[in-house]
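1. Generate coordinates for the sequence data below:
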Amino acid sequence: MRGVTELAAPVDDLPLLDDLMPWSVAPLRLGRSWIVAPDPRTLRARWDRLAAARGAEREALFRPSRARTPASSVAALPGQRTGTARLAREPGPCPEPVRLAHGPFDEQWLLPDHRLIDAARPELWRVADEHQLFAVEQGYVPGAAGPALLVTAALPDGRSPAGRPGRIRPLFRRPGGLEPNLVPGLLPLLGERYGHGVGAADLAAWAVAAGVPSPAGCRVPLPADPEVWAGGVALGRSLVEVQLRGARGGDRPRLPGGRRPYVRAAVPARPTTLAYDPEEEVLVLGDGSAEGRISPVPAGAWEFEVGGVRMVEQWFAHRTAPAEPGSLEAIGPAVWPQEWTSELLELITVLALLAEREPERAALTAHAVADGVGRGALRAAGVLPVPDGARRPASVLDHQEEGPEGQFVLL
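-> Got it, this is the predicted structure:
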């Protein structure tokens, strides 16, 4: 997949996503990789192993960092019922794993225990509910292909494939889908310009469709032409629906009959290699003696990149990379689970659908940039500069959160 050509001088005056969705949160800093896994059974097995260990063995398995050790005393994560006693003394029962967007297009599972996570960003957990969407701005990599902005319903860790962090921007500042995370005055201005009401979801859809990567961050051209805006919002909504994979009431992504990927030969018990045959459109998962085969796999799905990294290859590597013997990371399925194959088929479908729309998205972006209104116009309209309060999280005062050692904290 080819990325949007990097555009020079005029783009430098286009609004940044940071101007339009001003409250952002840095990526999570997990601190230890064993607290994330592709399936919840693995996480429960790792927790049981940690809880069964004692003293120095538990500390070694834990993998201490400057921010977290088994002796750390921290508050519970908002919305999670987990222990707050020191892990060295009382691990407690295994936390119920939660879905995590572990980088682009890779939904895994996380142990949501604050004692395990170096920087969990509690402000994100406070607004994560069935109404929330997270726009994840991708780190800028010069010359790299891939979208500048992705959307997920799962809590994202903000991980960047190329190791360059972006930002996480919730669509709403409060639970329940309340108070859009948009600069004050923007929606009335856009409604006046385009002749109809504009909502937060419309702006998010437009940004997904028309966002342009730049060293300063994702730039979002706002076109003067109402028809360009309408076409971009429609395109963006379809791209968002594909990325959400059926979350928030949408349909799960599907390719038309005859183009859907199927397993033509069973995946080996422990595949270690991944290859692609572009002529046959076949994805091959091998173990040195046997080969699993999935087809048809469109070239656009195989070549789809974010930050210069192929998503199918990274997804496979996250599930097959060797781990240090005896570590918690080494605990995992003995054989390739069937649900991983199903998830791979869906990933191929998602990437293929997005790749199909890439020429349309690139054309829209080029048109929007040429027609875009600069930041000066937003300043003249009083929308910019962003008020300081819009960059801070909203206060949440309607619930209690358990602090260290079972004490309650006031927010």
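2. How about the contacts made by the residue nearest to residue 350 when sequence neighbours are not counted?
-> Nearest non-adjacent residue to residue 350, counting by C-beta to C-beta, 6 or more residues apart in numbering: residue 253, 5.3 Å away. (C-beta placed from N, C-alpha, C; glycine too.) Contact analysis of residue 253 by C-beta atoms under 8 Å, 6 or more residues apart in numbering lists 241, 242, 245, 246, 346, 349, 350, 353.
3. The host helix or strand of residue 316: which residues count as buried?
-> Secondary structure from DSSP states H and E places residue 316 in helix 311-320. For helix 311-320, the neighbour count (16 or more other C-beta atoms under 10 Å) marks 311, 312, 314, 315, 316, 318, 319, 320 as buried.
4. quick one: the last one from residue 268, how far?
-> Distance of residue 320 to residue 268, given as C-beta to C-beta, to the nearest Å: 11 Å.
5. Repeat that for residue 92.
-> Note on residue 92: its distance to residue 268, by C-beta to C-beta, is 38 Å.
6. same thing with residue 138?
-> Applying C-beta to C-beta, the value for residue 138 to residue 268 is 33 Å.
7. cool, residue 172 as well?
-> From residue 172 to residue 268 the distance is 44 Å (C-beta to C-beta).
8. These two - which one has more neighbours?
-> residue 172 (21 against 18; other C-beta atoms under 10 Å).
9. Residue 201 is in contact with that one, correct?
-> No - checked against C-beta atoms under 8 Å, the pair residue 172 and residue 201 is beyond contact range at 10.2 Å.
10. hmm, back to that, mind listing residues that contact the helix holding residue 316?
-> If you take C-beta under 8 Å, 6+ apart as the criterion, helix 311-320 is touched by 38, 102-106, 108, 161, 271-272, 274, 283, 285, 301-302, 304-305, 340, 344, 347-348, 351.
11. PyMOL command for the buried members of the residues you listed?
-> The buried residues among the contacts of helix 311-320 can be selected in PyMOL (16+ other C-beta under 10 Å) with this line:
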select buried, resi 38+102+103+104+105+106+108+161+271+274+283+285+301+302+304+305+340+344+347+348+351
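12. So which residues of the stretch 201-350 of the chain form strands?
-> Taking DSSP state E, counting those that start in this stretch, the strands of the stretch 201-350 of the chain run over residues 222-223, 262-265, 273-277, 282-286, 291-295, 305-306, 309-310.
13. and the spatially closest residue to residue 221 that is not a sequence neighbour, what does it touch?
-> Once flanking residues are discounted, residue 221 sits nearest to residue 372: 3.2 Å by C-beta to C-beta, 6+ apart. If a contact means C-beta under 8 Å, 6+ apart, then residue 372 has 10, 14, 221, 222, 223, 224 as its contacts.
14. in the sheet, who's paired with residue 372?
-> When bridges are called by DSSP bridges, residue 372 pairs up with residue 223.
15. Need the pLDDT of it.
-> Note for residue 372: predicted pLDDT of 86.
16. Ok, the one 3 residues further on next?
-> With respect to pLDDT, residue 375 scores 94.
17. Touching, it and residue 12? I think so.
-> No - counting by C-beta under 8 Å, residue 375 sits too far from residue 12 to count as a contact (9.4 Å).
18. Any stretches of the stretch 201-350 of the chain with poor pLDDT?
-> Regions of the stretch 201-350 of the chain meeting the criterion pLDDT under 70 are absent.
19. on contacts alone, who are the packing partners of the host helix or strand of residue 61?
-> Assigned by DSSP H and E, residue 61 belongs to helix 55-62. When contacts are defined as 3 or more C-beta pairs under 8 Å, 6 or more residues apart in numbering; DSSP states H and E, helix 55-62 sits against helix 40-52.
20. Identify the residues contacting the helix or strand where residue 19 lies?
-> Using DSSP H and E, residue 19 sits within helix 17-20. Residues from elsewhere that reach helix 17-20, judged by C-beta under 8 Å, 6+ apart: 24, 135, 137, 149, 167, 169, 182-183, 186, 203, 207, 211, 217-220, 375, 378, 384, 386.
21. pLDDT of the next helix or strand after it, averaged?
-> For helix 17-20, the succeeding helix or strand toward the C-terminus, using DSSP H and E, is strand 36-37. Mean per-residue pLDDT for strand 36-37: 98.
22. Domain map for the protein?
-> 9-254+360-409, 262-344 (automatic domain parsing).
23. And the contacts of residue 253, which is closest to residue 42?
-> Comparing those against residue 42 with C-beta to C-beta picks out residue 346 as the nearest, at 19.6 Å.
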